[in-house]
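# Provide a 3D model corresponding to the input given below.
(one chain, ligands or ions: 1)
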Amino acid sequence: MKNNKRVTAKKSPAKKAPPVKAKPAPAKKPAAPKKAAPPAKKPAVAAKKPIVPTKKVAPAAKKPPVVVKKVAPPVKIEAAPVKKSAVKASGGKGVPITVWENDPESGLKLAKSSAPTLALGPLPLQILGTAPKAALYNPGTPNFRYWNAADALRRARDIWKPHLPEGIQWQSGNALDVQIDGGEDLNAYYDRKTLSFLHGTVKGKTLHTADSPNIIAHELGHAVLDVLRPDLWDAALDEVAAFHESFGDITAILTALQQESVCEVVLKETGGMLYQNSALSRIAEQFGKAVHSLNPNSAPADCLRNAVNSFFYREPMHLPPMAPHSSLSSEPHSYSRLFTAGFFEGVSGMLKIQSNKPKVEDLMQVGRDATAILCKAVRSAALSAAFYSEVAAQVIWADGALFEGKYDGALRSAFVRRGILSLEAVRSLRAEASRIVNAGKPNAGGDEMPRGRDMMMRASAYGLGEGALVVRTASFSRRGMIASAALDAGSTPVPGVEQATQSFLETLFRRGRVDFSQCKPGLSSVPHSHIKRKTHYLVEQNGQFHLHRRCFDDGYEDGM
Ligand SMILES: [Zn+2]
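Next up, the predicted model:
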C-alpha cells in the first residue's frame, strides 16, 4: 500500500527541502509539560481491609528525600491486608512489600519483594511525595502503588546497570524524578526531567499506568536509551523514534525475563518455543484492554502491543501516518512493533541455542545475554536514516564481540525473516565490520560516531508560515550495504536523509503532535488545538522555526 501523497511529495521539487547547512540552534530546554495535581485523590479501588496504618500521601513536594530506612519502621507482616496465601514467597531480604512481577492482568499472582532504595548508586531515582511505610498492601491502594512502582523501577534499572558506561548520569545530572500519579490522563511519559505516570477512567474503571511493571519498564527504557544515546532524542526520523519505543517494550520484556515466576509461566505456556503469544510477548495487558474498549482499532483485545506479530519491513515513508493495530503505520508506537518482533524472535532463537529443553535459568541467562548484546549495539549504532538495519547489524556484531558469535545464526535469521536486514546485507556484514575496523568511516562506535546534523526544511510545506523549519536529523543515509529488505527482492533503495526526515515531519504534523504555543498565534494553518498530547514543540529564533522533542509518551490519542 503506497501513500500516494508521500510518493508525489518525494518527486515534487517544491516539497524538497533545500540542503542548506543550518546554524546549530542554541540549545533550549524543552518546555515543561503541564503537570497535574499531586496524588491527593482517593485511590480508585479501595482496599478491602486497610489494616496497616498509613500516612496520607502528601502532596508532591519537590524532591523530598526518599530514604527508605527512615520511613520503613518494623512492620507487622501478619497485620498486613494481603492474605499470605495470595502472595508468592520471595527470597528477598529487607522490608517485604507486595508487588506485581509483570502486568497486573498478565495472570501472575501477587508476589513479595523487598522495599528498594532507589536513590543510591548510578542512575538514582526519586519518587515524588512522601514514602509510605513499606509493608504488604492491597493492589489498588496508593501505598501498594508506591512500592509496586518502586520495585518495578528498580528491576528495570537493574537489567541495564551491568552494561552501562562508568559515570553515566541522567540528562539532568541529578536523580530522575518519578511521579507515580501525575494527574488524570490515560498516559505515561518521559520528558528528561521526570518519568510520569497518570491515571484515567475507562468505562467507569480507574486505571493507573503506574500499576503496570510493563509500562514502568517501558518509560524507564526511554530514559536509559536517552542517556546512552542523547542524539536520538531530537532526531526527526521515523525509524529512530520507533526504535525508542521498541527499546521501551524490549526493556519491559527483558525485565520480565529476570523474574523466575515469569520464566516459569512462560516456559510452561510455550514449552520453550518462546516466539508465541504469551504473558511475555504481551505488553501492558491492562492498559491495552482499556484502550481496546475505547477504540478496538487502537489495540488488540488482550494487550497494548504484542512482540509476536507478522509485520515485515516497509520503509516508513511508504506507510500511512495512522492505521488500525492490525497494520503497520509510520506512527512510532505502531512501527516499533516491527523491530520488537524481530528482536524477540532473535531471543527465541537464542534460547534454542542455549538449550533444547530450556529451564528457568536458561531463559534468565538468555535474557541477560540479550540485554548485553542490545546495550552494546545501541551504543555503537550510528545515527542513520535506515536506523533499524543499522541497529540490527550492530546486534549481530555485538554478539560476535561478546559471545564469539554464539547466537549469530538465530539473530541473522530473525532479522532477515522480518526484512529488517536484507539477505545481501547479512552477507556483507563481515566485510563491513572489517572495513569499519580497518579504516572506514563512519566509525563503529564511541565518540567518533556521527551524531547527526541540523537540516533546513521549507516551513510552509508543513502548514506553517514562510521561513525555514530547522530540524535535527542523521548525517547519512546508511552505511555500505547494511540495508533492510525490499518487499519484492533485494535491498531497499538508499533512502535520502531529506526524504526520510520529510516522512517523519509529515506524520508528526499531520497527527497534531506539535505544540505551537511558544510561537506567534496563527502560525500554523492546522494547529490541532484539541489534541492535548504534544510530543514536540516549536520555537521561533531569528526568523527560523526550530523543532524540539518534549517527551516520549504512550502514543494513545483517542478519547481526547
Ligand atoms: Zn514510549
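# in the stretch 301-450 of the chain, what spans have low per-residue confidence?
435-450 (pLDDT under 70).
# change it to 50
Low-confidence segments of the stretch 301-450 of the chain (pLDDT under 50): 439-446.
# near the ion, which residues of the stretch 51-200 of the chain?
Counting by C-beta under 5 Å from the ion, none of the residues of the stretch 51-200 of the chain come close to the ion. C-beta: built from backbone N, CA, C; applies to glycine.
# quick one: low-confidence parts of the stretch 51-200 of the chain?
Filtered on pLDDT under 50, the stretch 51-200 of the chain yields the residue ranges 51-81, 83-85, 90-91.
# residue 451: what's it in contact with?
Contacts for residue 451 were tallied using C-beta atoms under 8 Å, 6 or more residues apart in numbering; they are 231, 383, 475.
# in which helix or strand does it reside?
Under the criterion DSSP states H and E, no helix or strand holds residue 451.
# would you mind measuring from it to the ion?
Separation of residue 451 from the ion (C-beta to the ion, to the nearest Å) stands at 22 Å.
# need the pLDDT of that residue.
Predicted confidence (pLDDT) for residue 451: 81.
# on that earlier part again, got a markdown table for the contacts of residue 451, with secondary structure too?
Shown next, in a markdown table, are these (DSSP: H, G, I helix; E, B strand; the rest coil):
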| residue | secondary structure |
| --- | --- |
| 231 | helix |
| 383 | coil |
| 475 | coil |
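# out of these, which one sits closest to residue 130?
residue 231 (37.3 Å; C-beta to C-beta).
# quick check: the spatially closest residue to that closest one that is not a sequence neighbour vs residue 248, distance?
Distance criterion C-beta to C-beta, 6 or more residues apart in numbering; nearest residue to residue 231, sequence neighbours excluded, is residue 451 at 4.3 Å. Going from residue 451 to residue 248 by C-beta to C-beta, to the nearest Å gives 22 Å.
# check residue 549 too.
15 Å.
# neighbour-wise, which of these two wins?
The neighbour comparison of residue 549 against residue 248 (other C-beta atoms under 10 Å) goes to residue 248, with 30 against 22.
# so that one: helix, strand or coil?
Going by three-state DSSP: residue 248 is helix.
# verify the stated contact: it with residue 219.
Yes: Residue 248 is in contact with residue 219 according to C-beta atoms under 8 Å; the separation is 6.7 Å.
# returning to what we had before: closest to the ion among the contacts of residue 451?
residue 231 (17.9 Å; C-beta to the ion).
# how about the contacts made by the closest one?
Applying C-beta under 8 Å, 6+ apart, the residues near residue 231 are 383, 451, 452.
# give the burial count for the first one, as a bare number.
I take that to be residue 383. There are 23 residues near residue 383, going by other C-beta under 10 Å.
# got it, and residue 251?
27.
# make TSV out of the contacts of residue 451 and add distance to residue 327.
Formatted as TSV, the contacts of residue 451 follow (distance: C-beta to C-beta, whole Å):
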residue	distance to residue 327
231	30
383	28
475	32
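# need the contact list for residue 185.
With C-beta under 8 Å, 6+ apart, residue 185 has these contacts: 36, 198, 199, 200, 532, 533.
# go again using 6 Å as the cut-off
Residue 185 makes contact with 198, 200 under the criterion C-beta atoms under 6 Å, 6 or more residues apart in numbering.
# what do you get for residue 476?
With the criterion set at C-beta under 6 Å, 6+ apart, residue 476 makes contact with residue 384.
# switch to numbering from 43
Sure, I'll start counting at 43 from here, so that last one is residue 518.
# for it, grab phi and psi.
Phi and psi for residue 518, reported as degrees, to the nearest 10, are phi -150, psi 160.
# any idea of the pLDDT on it?
85.
# hey, what's it bridged with?
According to DSSP bridges, the residues that bridge with residue 518 are residue 426.
# from residue 381, how far out is it?
20 Å.
# over to residue 267?
13 Å.
# quick check: which element contains the closest residue to residue 276 other than its chain neighbours?
Of all residues not flanking residue 276 in the chain, residue 514 sits nearest, at 4.0 Å (C-beta to C-beta, 6+ apart). Using DSSP H and E, residue 514 sits within strand 510-515.
# after that strand, next one along is what?
In N-to-C order, the element after strand 510-515 by DSSP H and E is helix 539-552.
# what does the chain have sitting close to the ion?
Checking the chain against the ion by C-beta under 5 Å from the ion, the hits are 287, 290, 594.
# helices along this protein, start to end?
Secondary structure of the chain (DSSP state H): helices at 46-53, 110-113, 184-202, 255-270, 280-298, 302-312, 327-336, 374-396, 402-422, 429-445, 450-459, 465-480, 539-552.
# relative to helix 429-445, how tilted is the last one?
This means helix 539-552. Put simply, helix 539-552 runs at 110 degrees to helix 429-445, going by axes from the mean of the first three to the mean of the last three C-alpha atoms, to 10 degrees.
# again, but for the longest one
Note on geometry: by the same axes, to 10 degrees, helix 374-396 and helix 429-445 are set 30 degrees apart in direction.
# helix 374-396 - contacts with which helices or strands?
helix 280-298, helix 402-422, helix 450-459 (3 or more C-beta pairs under 6 Å, 6 or more residues apart in numbering; DSSP states H and E).
# and what of the fifth one?
Contact here means 3+ C-beta pairs under 6 Å, 6+ apart; on that basis helix 280-298 packs against helix 184-202, helix 255-270, helix 374-396, helix 429-445.
# just want the angle from the shortest one to helix 280-298.
By that I understand helix 255-270. Relative orientation of helix 255-270 and helix 280-298, computed by the same axes, to 10 degrees: 120 degrees.
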